[in-house]
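Q: Quick one: sequence and predicted model below, then my questions.
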Amino acid sequence: MVGEGMDKKMSFWQCYFSFFKISMFTFGGGYAMLPMTEKELIENKKCITEEEMLQAYALAQSAPGVIGANTSAIIGNNINGLKGAIASILGFITPSVIIIMLVSNILIKFQNNVLVSSALKGIKIAVLGILINIFIRLFKKSEKYIKNAFGTILSLLAFTLVMFFHISTIYIIIASAIAGIVYFNRKEE
């Protein structure tokens with residue numbers, strides 16, 4: 001899957017520092033890591049393709065745990081096996097651990113400060129913009145699947161179940177995977 005068409009294999013430390021950099025500049029969770037992952041691993045390191053990154057990200061969403069760490073593990077594993085997975089996860093979580101240790105006491109002391117509160121609100125707005133951009137890009141990549149009635153119904157149903165009925169996304173992902181397997185296997189026959 002990831003790294004199949006790419007010749008470049010990264011060392012343990014290259015994986016670690018690449019994912020350290022990705023995590024260091026990612027605000028807003030797993031979705032927000034995609035632009036940084038694309039810049040670092042597709043454009044700079046040229047070790048994966050955009051399609052491979054999106055496949056890894058889709059797989060990471062269906063696994064329990066933090067999407068960013070899951071994505072790091074999948075991509076790292078495909079770049080350099082178990083060593084790559086370990087290096088990528090460690091690189092991805094290190095900035096968070098450092099920031100939590102350094103900033104938590106400061107934020108608790110200044111959480112009611114107008115400047116800190118305003119800065120956090122600004123960050124939330126910027127993250128929203130990044131998420132909208134990612135949604136549009138993922139939608140364009142998935143457009144070929146949504147053009148048929150099955151894809152349209154499945155996407156609208158998933159949206160409705162999450163938005164209005166607050167059904168856990170894990171159940172929707174599992175049900176969608178099963179529906180996709182059944183539909184696309186029957187279509188190929």
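A: Arrived safely, thanks for sending.
Q: Pull out the buried residues from stretch 131-140.
A: For stretch 131-140, the neighbour count (16 or more other CB atoms under 10 Å) marks residue 134 as buried. Using the backbone N, CA and C atoms, a C-beta is placed for each residue, glycine as well.
Q: Contacts for that stretch next, please.
A: Residues from elsewhere that reach stretch 131-140 (CB atoms under 8 Å, 6 or more residues apart in numbering): 28, 31-32, 34-35, 54, 146.
Q: which of these tops the neighbour count?
A: Counting neighbours by other CB atoms under 10 Å, the top entry in those is residue 34, with 23 neighbours.
Q: Need the contacts of stretch 131-140 in TSV (columns: secondary structure, distance to residue 41 and pLDDT).
A: Converted to TSV, the contacts of stretch 131-140 look like this (DSSP: H, G, I helix; E, B strand; the rest coil; distance: CB to CB, whole Å; pLDDT from 0 to 100):
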residue	secondary structure	distance to residue 41	pLDDT
28	coil	19	65
31	helix	16	71
32	helix	15	75
34	helix	11	80
35	helix	11	83
54	helix	12	84
146	helix	27	70
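Q: and residue 120, how many residues sit next to it?
A: With other CB under 10 Å as criterion, residue 120 counts 12.
Q: Helices along the protein, start to end?
A: Using DSSP state H, the helices of the chain run over residues 12-24, 33-37, 50-62, 67-110, 114-146, 149-163, 169-188.
Q: quick one: which of those is nearest residue 44?
A: Closest of the helices of the chain to residue 44 is helix 12-24, at 8.3 Å (criterion: CB to CB).
Q: Next, format the helices of the chain as TSV and append distance to residue 43.
A: Shown next, in TSV, are the helices of the chain (distance: least, CB to CB, whole Å):
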stretch	distance to residue 43
helix 12-24	12
helix 33-37	10
helix 50-62	10
helix 67-110	15
helix 114-146	15
helix 149-163	29
helix 169-188	29
